[in-house]
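K.L.:
any chance you could fold what I've pasted below:
(4 chains)
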4 protein chains.
Amino acid sequence: MSGNSIGQHFRLHTFGESHGTAIGGIVDGCPAGLEIDLAYIQSELDRRKPGQSHLVTQRKEPDTVEFLSGIFEGKTTGTSIGFVVRNENQKSADYQHIKDVYRPSHADYTYDAKYGQRDYRGGGRSSARETVARVAAGAIAKLLLRKSGIEIHAYTSQVGDICLMKSYLEINQELTETNAVRCPDLLIAELMIRKIEQVRKDGDTIGGVITCFATGVPAGLGEPVFDKLHADLGKAMLSINAVKGFEYGSGFDGVKMKGSEHNDAFILKGNQIGTSHNRSGGIQGGISNGEDIYFRTAFKPVATIMQEQQTVNEKGEAVTTTGRGRHDPCVLPRAVPIVEAMTALVLADHLLRGRTAKI
Amino acid sequence: MSGNSIGQHFRLHTFGESHGTAIGGIVDGCPAGLEIDLAYIQSELDRRKPGQSHLVTQRKEPDTVEFLSGIFEGKTTGTSIGFVVRNENQKSADYQHIKDVYRPSHADYTYDAKYGQRDYRGGGRSSARETVARVAAGAIAKLLLRKSGIEIHAYTSQVGDICLMKSYLEINQELTETNAVRCPDLLIAELMIRKIEQVRKDGDTIGGVITCFATGVPAGLGEPVFDKLHADLGKAMLSINAVKGFEYGSGFDGVKMKGSEHNDAFILKGNQIGTSHNRSGGIQGGISNGEDIYFRTAFKPVATIMQEQQTVNEKGEAVTTTGRGRHDPCVLPRAVPIVEAMTALVLADHLLRGRTAKI
Amino acid sequence: MSGNSIGQHFRLHTFGESHGTAIGGIVDGCPAGLEIDLAYIQSELDRRKPGQSHLVTQRKEPDTVEFLSGIFEGKTTGTSIGFVVRNENQKSADYQHIKDVYRPSHADYTYDAKYGQRDYRGGGRSSARETVARVAAGAIAKLLLRKSGIEIHAYTSQVGDICLMKSYLEINQELTETNAVRCPDLLIAELMIRKIEQVRKDGDTIGGVITCFATGVPAGLGEPVFDKLHADLGKAMLSINAVKGFEYGSGFDGVKMKGSEHNDAFILKGNQIGTSHNRSGGIQGGISNGEDIYFRTAFKPVATIMQEQQTVNEKGEAVTTTGRGRHDPCVLPRAVPIVEAMTALVLADHLLRGRTAKI
Amino acid sequence: MSGNSIGQHFRLHTFGESHGTAIGGIVDGCPAGLEIDLAYIQSELDRRKPGQSHLVTQRKEPDTVEFLSGIFEGKTTGTSIGFVVRNENQKSADYQHIKDVYRPSHADYTYDAKYGQRDYRGGGRSSARETVARVAAGAIAKLLLRKSGIEIHAYTSQVGDICLMKSYLEINQELTETNAVRCPDLLIAELMIRKIEQVRKDGDTIGGVITCFATGVPAGLGEPVFDKLHADLGKAMLSINAVKGFEYGSGFDGVKMKGSEHNDAFILKGNQIGTSHNRSGGIQGGISNGEDIYFRTAFKPVATIMQEQQTVNEKGEAVTTTGRGRHDPCVLPRAVPIVEAMTALVLADHLLRGRTAKI
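P.N.:
You can find the predicted model right below:
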């Protein structure tokens, strides 16, 4: 149980290091008969790939996915879907200088502590490059969810202290993909972009928040007790590199409210049962209630900065290290499709799990 | 995969409804040879039980745990440990009035949507009463962790807008158990207590935050990619009733920082590698680095209030409902041992998983 | 992952030692809405219990099952079903003499090698008494399968060298429960009974074979590759105490056949596709084909004999040991319901797993 | 849970169809620091590959494995090991004639029943070609086991009615690889070879038995109850294409013995505890006892024969079908390394699982 798998029924297993031969995975448990739109899947990968704008790392990685099994005549067959994305633009020489050095706030030291060794090139398995497998698999999950009328949208709602103060209901989601930072408010987007440009100029980095919401989720998804729907969503988000926090519905702000303020009165919406407000974030008792699901995910600033930092090496000697190569000053823009992908994987899993709730 | 299990190697499976015959579970994967201090386990349950102070529900549940297997001559045998806690003070008649009504912000509606039926008495499986099994199992996990020098402490750091502004390093953990709200600052504790007394008097409820930290965790626990240590901690916390958010280390506040501010420089502490600050919260790349692990968990206000609320019944008709019986105006005091228990379960699991990292 | 769980979707977790407080388990993943016939479940346990005839151990264990959760108003609620069977007639003093001795062909030595200790009383966890939990859970699985028209029947087809040479198609299954050895041929049954009486008189034991078949299994159950339906059935049978072999369909005899003899021609049976013969045992490529599933399970003779045997003790000294107490001279009669229960657990699991094969 | 994974701690996930782009998999949970001998792994694949002798299919598949991750500077890193074997000599046109036809004793019909569709080319996922991934992963497991002194050997002990009547202790294992049928007795091997040549000439096929044994297995591997070591071995064998039966130790023959004959007396072997005979097959109570583990696996005759057979097509119409292309008249020779590989996967898994048995 080495942590390279997620999901119980719609499962993803992944492999791959940043500078190894390839990143890839297996999507297992996808039902037979799903039409696979390869162009769509590639377009999702393109939303994540480096070099797509001036805001992100300028590494050139085409990130072309190759499917190896499980699809026949354009449809899933029900068998496991293997896929690979070759690593093609790796410059391992860029990492020779950190071979023996523990970079601050990276996983260099902890991997050594755990495994007694590590593939230091580009962070190896700890590199955010592994998320390419998540996005490829998440795109298949999205296709499956779409069949049930479920759509997922994420956007950048905060960069440093630049914060979009509107709720997801007040924004125009169609604007998200129109700007490099993926914020659906063009004015705020512009401020975010300037902030990122500035930190990059300073050789520094900055964090932020991504908001995500899912519509069309039927009531009844999620399991009681440990696999509550929001618990699985939270784990999925927290498993993304650089994530430090997760909240859904009223979240941390909800703690200040009284029950009489926070409670969601049930009302009829047409002939459907819904809630007057949706402070529950679409989930009650760990199970979806048919309202929109929404949550926020916090990303810390990228650890690799173009500044000299104090640290120690493998021998425990004090040394300095300075970032080299091509890195993201802010992960938020590229993390938007990753958040969506992880959301899709969790919802697809629970959609299938839900099929056995009743006799 | 119905969500009643947690952990990969040190596992807990649970069962039980609020007003059924018993709550219980199986602890599986506990190594042989661990001395079981039954009095300690019961004392942990007593920290969770109703009626322990004037701040919490006045239901009288002795919550006595009976172990049925897996322990012989005072030690674990390596086989699965079954246990039960009988339900003894249930007043099911208190719930007859909600038999057909969906209480706002409860799980009544979602259970019906999922299963087509529900045990309405006291919320059934969705009742926080199921956490009694978590605390019993967590106490065993704590005994195991203690053998490795790992200690876990949680405390109430916020109730409504009353917030303890100190970090976990600045408090005196020994004060936590000296007051009914389990806040280690006596002045703040007094304010919190008054706040809870007030909302109770109003027939209302209030939320809050619990801070938790673990000391003595060796470097190297946690798995890359999906089962990052903080991802498993986050899921464990989010699986607790009423939890809406989780953050570790710098958390949501960290998003505003620059990489140059946020990064944790490695330094030597004696002959151990440590970090100058611990914004990483003791976890880097999903793996513990030997520093303290700390995180915060947000609880919404309890849904059951002693006020009339609008809602609908099973037929979709608008009705009103009012809470009856004996309920907590604030779950925080009783949730402290639950947070600790879930933390212990996750750490014990990863402690064992870590044994196979190297040949 | 300590081996106390079986099934992926319809799951059983068990606990309990022979001379501990109780044996029990949790059935997880049973869909909501299944009517639970408690009398039927108890009748299944009665088929397994000691003392039911002169052929089996004369221990008096009422083996009354108590359900603790997951059932409300006579139906499953979809939540986990906890249950216990108290140990009531244990005479632990009977085992004092083997406290330090490794009984031949028992698990005493291997438990010590694995765990460094063991509960020696009655074999502890290694006692076949743990199968009481399997039968209780299997009875629930049978109720679920019955809803889909699936029935399971097992019978004793061999005791020592007394062998029922007919196929399952040639016997009258209704005769199985009419005799103490559970063989559906009364003449052969009588010979088996005499054989068992003789070995018991000699203070000895004897093995045998149980044949099992399932009717009404729809085509399409089972998973390709590792979780083939017969692989899961085989594992389930091999997990029963004393089992040494498993074969399905043509089994070991099939190896002598040529493909042209062995192949099952497809034919139409009404408007259903079936096979002319059923050498495949109802499973092709690991997936059920709609024909009857049938298989045979081999049980070795019980290890506890009333004769003096050479062995060693914990210190490695040569000693002798002699069985005491009340033991089965032949497990076959009581193993029939166990084989059925394990079959039911596997089929119920695959029945549910099959619900997600198609979109 | 779609059956494409095996193992709890040392895990293999596989993908791939016979005529898809590639077969491959992920080995997860292999500890860090294991030296990977790529030439050895390829040599194991070569033992399985088509065209290696005149006895097996003359298809030309180089079956070259490419590792994509998890290995750095010749050693495992502890992260997941992705690998692919490209399909290169597929002649899909050979299968056009069975597109709509259910071949007798193949998985054509059951896949359609389960998934509503199938990749008919070469059997798709149901083809024994998937075992190439098992052998690649099994070779890594063998390298890990070798570090603990565990060796695994299998050989063909029966083809049709030609049976090697010696036990594994009486053969010279070094002769196994000296002949095309992999039987360690050269006289019997010659008879087996003639038998296979004859059935091939007749356009027919034949089954057989493979015996396997493992030496150097320490006492203490295996889990009580459901994951008994022999139950996991049995499942692993039964998951191999064409397998119909499994028995270990005394197996089906043991049922005729009395307890007094069958019991394995414990004796001292040097300062190790062992047994006088080893009818237990090295496993007692599901846990290894330090003696050799041995078992037998039965393979039915290959379903594809070069003769006209009656069957039905997708519309349910009676049609005839005749095998085409290049097929094995007997799978035994190529199945020997597959049996070894599956044994290695199970033992490696339990070797790691055993690390957490004691505190």
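
K.L.:
show me where the stretch 1-150 of chain A has its strands.
P.N.:
Assigned by DSSP state E, counting those that start in this stretch, the strands in the stretch 1-150 of chain A fall at A:5-6, A:11-15, A:22-28, A:65-67, A:71-72, A:75-76, A:81-86.

K.L.:
given the last one, what are its sheet partners and their directions?
P.N.:
Strand A:81-86 has the following strand partners under DSSP bridges: strand A:22-28 (antiparallel), strand A:65-67 (antiparallel).

K.L.:
got the strands of the stretch 1-150 of chain A as CSV, with distance to D:Glu151 and mean pLDDT columns?
P.N.:
In this view, the C-beta of every residue, glycine as well, is placed from N, C-alpha and C. Shown next, in CSV, are these (distance: least, C-beta to C-beta, whole Å; pLDDT from 0 to 100):
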stretch, distance to D:Glu151, mean pLDDT
strand A:5-6, 30, 98
strand A:11-15, 28, 98
strand A:22-28, 31, 98
strand A:65-67, 38, 97
strand A:71-72, 40, 98
strand A:75-76, 41, 98
strand A:81-86, 31, 98
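
K.L.:
any idea which of those strands gets closest to A:Gly249?
P.N.:
The closest approach between A:Gly249 and any of the strands of the stretch 1-150 of chain A, judged by C-beta to C-beta, belongs to strand A:5-6 at 22.7 Å.

K.L.:
show me the contact partners of the closest one.
P.N.:
Outside strand A:5-6, the residues that touch it by C-beta atoms under 8 Å, 6 or more residues apart in numbering or on different chains are A:11-14, A:236, A:239, A:345, B:226, D:13, D:28.

K.L.:
ok, so of those, who is nearest chain C?
P.N.:
Checking those against chain C by C-beta to the nearest C-beta gives D:His13 as the nearest, at 9.4 Å.

K.L.:
what does the stretch 251-359 of chain A put close to chain C?
P.N.:
Residues of the stretch 251-359 of chain A lying close to chain C by C-beta under 8 Å from any C-beta of the partner chain are A:352, A:355-359.

K.L.:
turn the strands of the stretch 1-150 of chain A into TSV, columns for distance to D:His230 and mean neighbour count.
P.N.:
Output for the strands of the stretch 1-150 of chain A, formatted as TSV (distance: least, C-beta to C-beta, whole Å; neighbours: other C-beta atoms under 10 Å in any protein chain shown):
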stretch	distance to D:His230	mean neighbour count
strand A:5-6	27	24
strand A:11-15	27	29
strand A:22-28	27	28
strand A:65-67	38	20
strand A:71-72	37	22
strand A:75-76	36	20
strand A:81-86	31	26
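
K.L.:
and of those, who's closest to B:Asp108?
P.N.:
With respect to B:Asp108, and counting by C-beta to C-beta, the nearest of the strands of the stretch 1-150 of chain A is strand A:5-6 at 30.3 Å.

K.L.:
that older thread, of the residues of the stretch 251-359 of chain A next to chain C, select the buried ones using a PyMOL command.
P.N.:
With 16 or more other C-beta atoms under 10 Å in any protein chain shown as the burial test, the buried ones among these are selected in PyMOL as follows:
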select buried, chain A and resi 352+356+357+358+359
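
K.L.:
if you look at the residues of the stretch 251-359 of chain A next to chain C, which of them are in helices?
P.N.:
The helices, defined by DSSP state H, take in A:Leu352 from these.

K.L.:
show me the two of the residues of the stretch 251-359 of chain A next to chain C that sit farthest apart.
P.N.:
Across these, no pair lies farther apart than A:Leu352 and A:Ile359, at 17.0 Å, counting by C-beta to C-beta.

K.L.:
show me where chain A has helices.
P.N.:
Secondary structure of chain A (DSSP H): helices at A:38-48, A:108-115, A:131-147, A:186-201, A:229-238, A:259-262, A:332-353.

K.L.:
other SSEs contacting the longest one?
P.N.:
Spelled out, it's helix A:332-353. The contact analysis (3 or more C-beta pairs under 8 Å, 6 or more residues apart in numbering or on different chains; DSSP states H and E) places helix A:332-353 against helix A:38-48, helix A:131-147, strand A:151-159, strand A:208-215, helix A:229-238, strand A:293-299.

K.L.:
adding mean neighbour count, mean pLDDT and distance to B:His153, write the ones you listed out as TSV.
P.N.:
TSV is the format used below for the helices and strands packed on helix A:332-353 (neighbours: other C-beta atoms under 10 Å in any protein chain shown; pLDDT from 0 to 100; distance: least, C-beta to C-beta, whole Å):
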stretch	mean neighbour count	mean pLDDT	distance to B:His153
helix A:38-48	17	97	40
helix A:131-147	25	98	34
strand A:151-159	24	98	31
strand A:208-215	23	98	29
helix A:229-238	28	98	22
strand A:293-299	27	98	24
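
K.L.:
looking at these, which is nearest to D:Ile98?
P.N.:
helix A:38-48 (27.3 Å).

K.L.:
elements contacting that closest one?
P.N.:
If you count contacts as 3+ C-beta pairs under 8 Å, 6+ apart, helix A:38-48 packs onto strand A:65-67, helix A:131-147, helix A:332-353.

K.L.:
between helix A:131-147 and that helix, find me the angle.
P.N.:
Relative orientation of helix A:38-48 versus helix A:131-147 (axes from the mean of the first three to the mean of the last three C-alpha atoms, to 10 degrees): 130 degrees.

K.L.:
show me what the residue nearest to A:Gly316 when sequence neighbours are not counted is bridged to.
P.N.:
Leaving aside its sequence neighbours, A:Gly316 sits nearest to B:Leu268 (C-beta to C-beta, 6 or more residues apart in numbering or on different chains; 5.8 Å). As for beta bridges, B:Leu268 partners with B:Ile273 under DSSP bridges.

K.L.:
neighbours around B:Leu268, how many?
P.N.:
Per other C-beta atoms under 10 Å in any protein chain shown, the neighbour tally for B:Leu268 reads 12.

K.L.:
what's the pLDDT at it?
P.N.:
pLDDT for B:Leu268: 93.

K.L.:
from A:Lys49, how far off is it?
P.N.:
B:Leu268 sits 40 Å away from A:Lys49, going by C-beta to C-beta, to the nearest Å.

K.L.:
do A:Val331 as well
P.N.:
Applying C-beta to C-beta, the value for A:Val331 to A:Lys49 is 13 Å.

K.L.:
ok, those two, which is more surrounded?
P.N.:
More crowded of A:Val331 and A:Lys49, by other C-beta under 10 Å: A:Val331, with 27 against 22.

K.L.:
pLDDT wise, what is the more buried one at?
P.N.:
Taking A:Val331 on its own, its pLDDT is 96.

K.L.:
what sits against it?
P.N.:
The neighbourhood of A:Val331, defined by C-beta under 8 Å, 6+ apart, consists of A:128, A:241-242, A:299, A:302.

K.L.:
how about 10 Å then?
P.N.:
A:Val331 makes contacts with A:56-57, A:128, A:131, A:205-208, A:210, A:240-243, A:299-302, A:338, as judged by C-beta atoms under 10 Å, 6 or more residues apart in numbering or on different chains.

K.L.:
one more: A:Asp349?
P.N.:
For A:Asp349, the contact set (C-beta under 10 Å, 6+ apart) comprises A:6-12, A:29, A:141, A:221, A:227, A:229, A:232, A:236, B:1.

K.L.:
circling back to that earlier point, list the residues that contact both of A:Val331 and A:Lys49?
P.N.:
The contact sets of A:Val331 and A:Lys49 overlap at A:56-57 (C-beta under 10 Å, 6+ apart).

K.L.:
neighbours of the residue lying closest to A:Ala180 once chain neighbours are set aside, how many?
P.N.:
Leaving aside its sequence neighbours, A:Ala180 sits nearest to A:Ser53 (C-beta to C-beta, 6+ apart; 3.9 Å). The local packing of A:Ser53 (other C-beta under 10 Å) involves 14 other residues.
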